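Chemist: sequence? don't have it. structure:
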C-alpha cells in the first residue's frame, strides 16, 4: 500500500517535469527553433498520466500555461484596463483550433470564477458563448482523453504557439505608452 504523500509527490514531479519541458519548448518556439521545441514536446509526451489532474501531463501543462498567461495578465492590469482581453480577442481568430478551444475555455472560467467587471464579463460571453458550466481545466481535457500521440503532439504545439503569440500581444498592448490628452 502506497502512502498518499508518496502519490502526491510523484504527481507533483510529473507536473513539474511537464512544466519544465514545455517552458523550454516555448522558449524554443519564441526563438524560432521549431525542431528543438518539438523535441522538448516529445519528451513531455513520454511522461506518465497525471493522476491528480486526471489528464495527460503535457497537454495539461500546456493548457495551464495558457491559463496562467491570461490570469496573470488580469492580475497585473489596473481596474478598467481591458488590454488583456483586447489581446485575447485579437488572438482568438488567429489561433489554431485547439488553442482557440483552450483560450475560449480559459475566458469562460475567468468570467465565472474571477472578479472582473461587468463589461469584461459581457465581452467574454460574446467572445466565448456557452452555458457557463465549464469550470477548471478538466472539461477540455476530457474531450481529448484517448487521443493518439500524434494528435496530442499537435494539440500541445498548437497551445505553445498560441502562448508565444498571446504573450507578445499582451506585452505589446500593456507596454504601449499612454497618449497625453
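Modeler: The structure has been received and is ready for your questions. All values derive from a computational prediction rather than experimental measurement.
Chemist: and the residue nearest to residue 25 when sequence neighbours are not counted, how many neighbours?
Modeler: If you skip the residues right next to it in sequence, residue 25 has residue 40 as its closest partner in space, 3.7 Å away by C-beta to C-beta, 6 or more residues apart in numbering. Bear in mind the C-beta positions are built from the backbone N, C-alpha and C, glycine included. Per other C-beta atoms under 10 Å, the neighbour tally for residue 40 reads 23.
Chemist: could I get the contacting residues of residue 40?
Modeler: Going by C-beta atoms under 8 Å, 6 or more residues apart in numbering, residue 40 touches 21-22, 24-25, 28.
Chemist: neighbour-wise, which one of the residues you listed leads?
Modeler: residue 25 (30 neighbours).
Chemist: and that one, what pLDDT?
Modeler: pLDDT recorded at residue 25 is 98.
Chemist: repeat for residue 93
Modeler: We have a pLDDT of 93 for residue 93.
Chemist: again, but for the one 5 residues further on
Modeler: Among the per-residue scores, residue 98 shows a pLDDT of 93.
Chemist: could you report the neighbour count for it?
Modeler: Neighbours of residue 98 (other C-beta under 10 Å): 23.
Chemist: wait, it sits on residue 160?
Modeler: No. In this structure residue 98 lies outside contact range of residue 160 using C-beta atoms under 8 Å: 10.5 Å.
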